[in-house]
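*Asks:* Task: produce atomic coordinates for the following.
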Amino acid sequence: MREASLTVPLFLNALEQTGLSTWLRESESIFGFYFILVFHTIGLALVVGPNAAIDLRILGVAPEIPVPALRNWFNLMWLGLAINVVSGIFLVLAYPSKAFTNPDFYLKLTLVGFAIWNLQRMKRQLFDDATQSESAMFAKGRTLAVWSLVLWAGVITAGRLLAYTCSYLVYGVPC
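*Replies:* As a prediction, the model looks like this:
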C-alpha cells in the first residue's frame with residue numbers, strides 16, 4: 001500500500017496549512033465552515049429553485065403564469081450562482097485534499113458547467129426574443145427544460161455524495 005503523502009499532491013498540504021484553511025476547518029466561530037455551508041445551500045436554492053420553476057412552467061405546470069414574466073428570475077439565479085462560486089471556493093479551501101482527490105468533485109463541477117450552459121441557452125433562446133409567442137417558447141424550450149432538471153438533480157446528488165465518497169479528509173488522512 002502506498003503512503004498517503006505520495007498519492008496526494010503536495011500543494012494540497014500547503015493549501016491546508018494556510019491560516020484561512022485551518023480557520024475554516026477548525027474554528028468554533030459561527031462564521032466558520034458551517035456558515036459557509038449554509039450560504040452555499042442558500043446560493044443553490046437561489047439558482048436551482050427558480051430554474052426548476054421555469055423548467056416546470058415550460059413543461060406545462062401552472063399554465064396561468066405567463067412565461068415572459070419569469071425572465072426577471074434570471075438575475076436572482078445569477079446572484080445565487082455568484083454566492084455558490086464564492087462559498088464553494090471557501091469550502092474547497094477548507095478541505096482541498098478531500099475535494100481534489102475525489103472524482104465526484106469533478107463530476108459535480110462538470111454537471112454545474114453543463115447546467116449553466118443550458119441555463120444560458122434557455123435565456124437566449126426563450127427569453128431574449130420578445131417577439132416569439134409562448135407556444136414557440138414551449139416548442140423550443142421543452143428539451144432544455146428537461147435537461148435542466150436532470151442536470152441540476154445531478155449537481156445536487158453529486159454535491160451530497162461529496163460528504164461520503166472522499167479518499168482523504170485532509171492531507172495524509174484517509175477518510
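*Asks:* Can you list the helices and strands that the helix or strand containing residue 110 packs against?
*Replies:* Residue 110 is part of helix 103-122 when elements are defined by DSSP states H and E. Counting contacts by 3 or more Cβ pairs under 8 Å, 6 or more residues apart in numbering; DSSP states H and E, helix 103-122 packs against helix 134-161. In this view, the C-beta of every residue, glycine as well, is placed from N, C-alpha and C.
*Asks:* Remind me what the helix it packs on packs against, helices and strands.
*Replies:* Where contact means 3+ Cβ pairs under 8 Å, 6+ apart, helix 134-161 is packed against helix 33-58, helix 103-122.
*Asks:* can you rerun that using 10 Å?
*Replies:* helix 33-58, helix 73-94, helix 103-122 (3 or more Cβ pairs under 10 Å, 6 or more residues apart in numbering; DSSP states H and E).
*Asks:* what about the second one, average pLDDT?
*Replies:* Taken as a whole, helix 73-94 has a mean pLDDT of 97.
*Asks:* Likewise for the first one?
*Replies:* Per-residue pLDDT over helix 33-58 has a mean of 96.
*Asks:* and that helix, which residues are buried?
*Replies:* Buried residues in helix 33-58, counting neighbours by 16 or more other Cβ atoms under 10 Å, are found at 33, 36, 39-40, 43-44, 46-48, 50-51, 54-55, 57-58.
*Asks:* So for residue 135, which of the helices and strands packed on helix 134-161 sits nearest?
*Replies:* Minimum separation from residue 135 across the helices and strands packed on helix 134-161 (Cβ to Cβ) falls at helix 33-58, 11.4 Å.
*Asks:* The closest one - contacts with which helices or strands?
*Replies:* If you count contacts as 3+ Cβ pairs under 10 Å, 6+ apart, helix 33-58 packs onto helix 19-26, helix 73-94, helix 103-122, helix 134-161.
*Asks:* Out of the helices and strands packed on helix 134-161, which gets nearest to residue 175?
*Replies:* Across the helices and strands packed on helix 134-161 (criterion: Cβ to Cβ), the nearest stretch is helix 103-122, sitting at 12.0 Å.
*Asks:* centroid residue for the chain?
*Replies:* residue 112 (5.4 Å; Cα atoms, centre = their mean).
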